[in-house]
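**Student:** What follows is a predicted structure for the sequence shown.
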Amino acid sequence: MSNWITMLRASRHRSLLIQSKMGLQEKHSRSRKEGAALAETAPAQRKSYSFRLFSCQGDISRNVISHPKAAKKEPVVSVEKELDSSELAPAVVPLLERAVSVVSSSDSLSQCEDAVHEVARACSAWDPSLVNLLSCASFIQGLLEVTLTSKDDAVLESAMSIMGKLVLGNEVIRQLVLNADPQLEVFLRLLRSSELFLKAAVVLYMMKPKAKQMLSLDWVPLVLHVLECGDEVQSLFSVRCAPKIAAFYFLDQLLMGFDVDRNVENAKQMIALGGLDLLIGRLGAGDARESRHCIALLTTCVQADGSCRHYLADSLKKEPLVQLLAGNQRKASAASLNLMSELVCLNRTSKIVEFVKELKNSGCLNTMHVLLVYLQQAPLVQHPLAATMLLQLDLLGDPSQYSVYREEAIEAIVAALEHSSQSRKVQEQCARALLILAGRFSSSGEPVAEAWLLKRAGLDDSLSESFRRSEVFKDKSVRAEEEKLVEERQKNLALMLLKSGGRRFLTALSSCISDGTPSLSRSCLVSVAWMSSSLSPLRGCNDFQPLACSVLASKLLDSLSYDRVLEERVLASLSLLNVVRHPECMEKVFPLKKETIESLQDLAEVTWTAKELLFACCR
């Protein structure tokens, strides 16, 4: 029986396609603008169509999206005349039942098109009794077949209006439509239309499709086209919606709804098509909800392709970021903070300073005060990043002067480290915050402070390719200037952390070295290593070592053991060497245990720091 029904539907569909090719009774088609006609050939099966995507004024086939103001078009009239009564007249019911029957079973395209118009006229004066009549699977299937086959824009708009009316607030019908068109091929065809793509986006948005139904490679350019041109509210009967809202929903699905690889692929396609400029233009132009969508999508793009963060740091308006952070919407504030913390990870310290200055001086709001208020109100998981950004801003001032922002930020970091064992997410955020404070990044935004420290210790084999690329400067004088700037900035930050955080901060680092997750433990070792290097007696600093020795020495010695990975052992040896250079620390660290000496002898083959520690031990 099921095979017979399938054959019948296939026969009916072929008949509709044949009549479509003959162009039967296209009495509702409208004239196209000169040069903007769509060439369509109906396929033998329901497959993805290959239509040209029309930009408002740009050529997306050349991977370029422009942003001119589109000329206003006359609205498309999809309903010939609305019924005056809110209830269907008794005489209309038989006509409507006949129209539904035609759409459900007729093989005549012209009859189906007329019937669609008849149903649309009835739907303009909605009656609840229509739901039962129109919600049968055969009518939904027939309506989709007409939509896939007809070349008459008026028919297509009527069909979309009917679907929109039926789906609104009706989960059963929504599922019927999605089940009848599981790969959304009907809507892909409509989104390729030069006239109806905005209305199609609104109707599809009401269907709430998931990423698994959006597999075609055409989705990203089509959705960007909707976002580009989708400001004007579209009306389908009582349904009113701005297509840009639909575009944001679709982009969320395309960039976040698949597995990691496909999400990254879609994000890179979006970047290549000029999607960053579209989102930058939207940011701040709409309401807080739209800005939050823009920021979340931009963050996803940065995480997919880190090289675009430099473009965003230069081009992005900073004021909307601060405004969202100052708002009372938790999701929007968190999204803004996440993007800020991504954009500060630049491979030139001069660029970091420039970005932070622009952030501080954006608009009329006091960015530091906004961050402080957010820090005081946000959940613990957001504290590490908020405090880190506050310290970045505070570094622009005089580190020798008292700052309430600095005190609050360091207190928040210490508290987050102390309570990190309660939440894996807090541990991850603490680890990320500490690596941002370490201040060295590759061109793609990858933290490379650890690789830089390992290189200083003589362990060159562990350097990643991204770190090697980040170290290349065409002008050696620029490299020297950058290195001087980063060392000065890191020394000031280390002094601030030591002065305000003191023993409690170092104790929190010490606890996390042994008790934290591997990522947090490693980040704490990196923090101790760069701070001890920045505050070494060789640089004229003598306050850090005695305190660090009393708090950290035992954990650093433990980190030399064979059960720790090589990089952690090297970081520990570098930190210990920086500490024991202070006379007061020698007697507290030495003599070393036999196991520690054996570990250092092994490390001495790959790093000079171990050799120096062994030499100091034997003196």
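**Tutor:** Right, received. Where do you want to start? As the structure is a prediction and not an experimental result, all values here were calculated from the model. Numbering: from 1, shown residues only.

**Student:** Skip the chain neighbours and tell me the closest residue to Ser307.
**Tutor:** Counting by CB to CB, 6 or more residues apart in numbering, the nearest residue to Ser307 once its immediate chain neighbours are dropped is Ser444, at 5.3 Å. Backbone N, C-alpha and C define where each C-beta goes, glycine included.

**Student:** Could you do Leu222 as well?
**Tutor:** Of all residues not flanking Leu222 in the chain, Leu191 sits nearest, at 4.6 Å (CB to CB, 6+ apart).

**Student:** what do you get for Ser336?
**Tutor:** Leu324 (4.1 Å).

**Student:** In terms of helices and strands, where is that neighbour?
**Tutor:** helix 319-326 (DSSP states H and E).

**Student:** Which secondary structure elements does that helix sit against?
**Tutor:** helix 288-304, helix 330-343, helix 367-377 (3 or more CB pairs under 8 Å, 6 or more residues apart in numbering; DSSP states H and E).

**Student:** before we move on, the earlier item: now for the residue nearest to Ser307, how many residues are close by?
**Tutor:** Other residues near Ser444 number 18, with proximity taken as other CB atoms under 10 Å.

**Student:** Toward the C-terminus from whichever strand or helix holds Met389, list the very next helix or strand.
**Tutor:** Met389 belongs to helix 383-394 when elements are defined using DSSP H and E. For helix 383-394, the succeeding helix or strand toward the C-terminus, using DSSP H and E, is helix 404-418.

**Student:** Any idea how far apart the tips of stretch 183-202 sit?
**Tutor:** Chord length of stretch 183-202, first to last residue, is 17 Å (CA to CA, to the nearest Å).

**Student:** and if you look at stretch 203-216?
**Tutor:** The distance separating the two terminal residues of stretch 203-216, taken as CA to CA, comes to 19 Å.

**Student:** what mean pLDDT does that stretch have?
**Tutor:** In this model, stretch 203-216 carries a mean pLDDT of 94.

**Student:** And for it, what's in contact with it?
**Tutor:** 48, 160, 163-164, 167-168, 174, 177-178, 182-184, 187-188, 190-191, 236, 239, 241, 243, 245-246, 249-250, 253-254, 256-258 (CB atoms under 8 Å, 6 or more residues apart in numbering).

**Student:** ok, now with 6 Å
**Tutor:** With CB atoms under 6 Å, 6 or more residues apart in numbering as the contact definition, stretch 203-216 has outside contacts at 48, 160, 163-164, 167, 174, 177-178, 184, 187, 246, 249, 253, 257-258.

**Student:** Now, those residues that are in strands?
**Tutor:** Secondary structure assignment (DSSP state E) places none of the contacts of stretch 203-216 within strands.

**Student:** So how do I select the buried members of these in PyMOL?
**Tutor:** The PyMOL selection below is limited to those of the contacts of stretch 203-216 classed as buried (16 or more other CB atoms under 10 Å):
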select buried, resi 48+160+163+164+167+174+177+178+184+187+246+249+253+257+258
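
**Student:** Can you tell me the closest non-neighbouring residue to Ile173?
**Tutor:** With sequence-adjacent residues excluded and distances taken as CB to CB, 6+ apart, Ile173 is closest to Leu166, at 4.7 Å.

**Student:** Just confirm the one you found contacts Arg174, I think it does.
**Tutor:** No. No contact is recorded between Leu166 and Arg174 when judged using CB atoms under 6 Å, the distance being 8.5 Å.

**Student:** Would you mind measuring from the residue nearest the centre of the chain to Leu321?
**Tutor:** Computing the C-alpha centroid of the chain and ranking residues by CA atoms, centre = their mean puts Thr300 first, at 2.1 Å. Distance, Thr300 to Leu321, by CB to CB, to the nearest Å: 16 Å.

**Student:** what do you get for Ser536?
**Tutor:** As for Ser536, its distance to Leu321 is 37 Å (criterion: CB to CB).

**Student:** Helices of the stretch 501-619 of the chain, start to end?
**Tutor:** Taking DSSP state H, counting those that start in this stretch as the criterion, the stretch 501-619 of the chain carries its helices at 518-534, 544-558, 566-580, 583-589, 594-603, 608-618.

**Student:** which strands and helices sit next to the last one?
**Tutor:** Contacts defined by 3 or more CB pairs under 6 Å, 6 or more residues apart in numbering; DSSP states H and E place helix 608-618 against helix 566-580, helix 594-603.

**Student:** Same question for the shortest one: list its buried residues.
**Tutor:** When you say that, I think you mean helix 594-603. The neighbour-count check on helix 594-603 (16+ other CB under 10 Å) flags 596-597, 599-600, 603 as buried.
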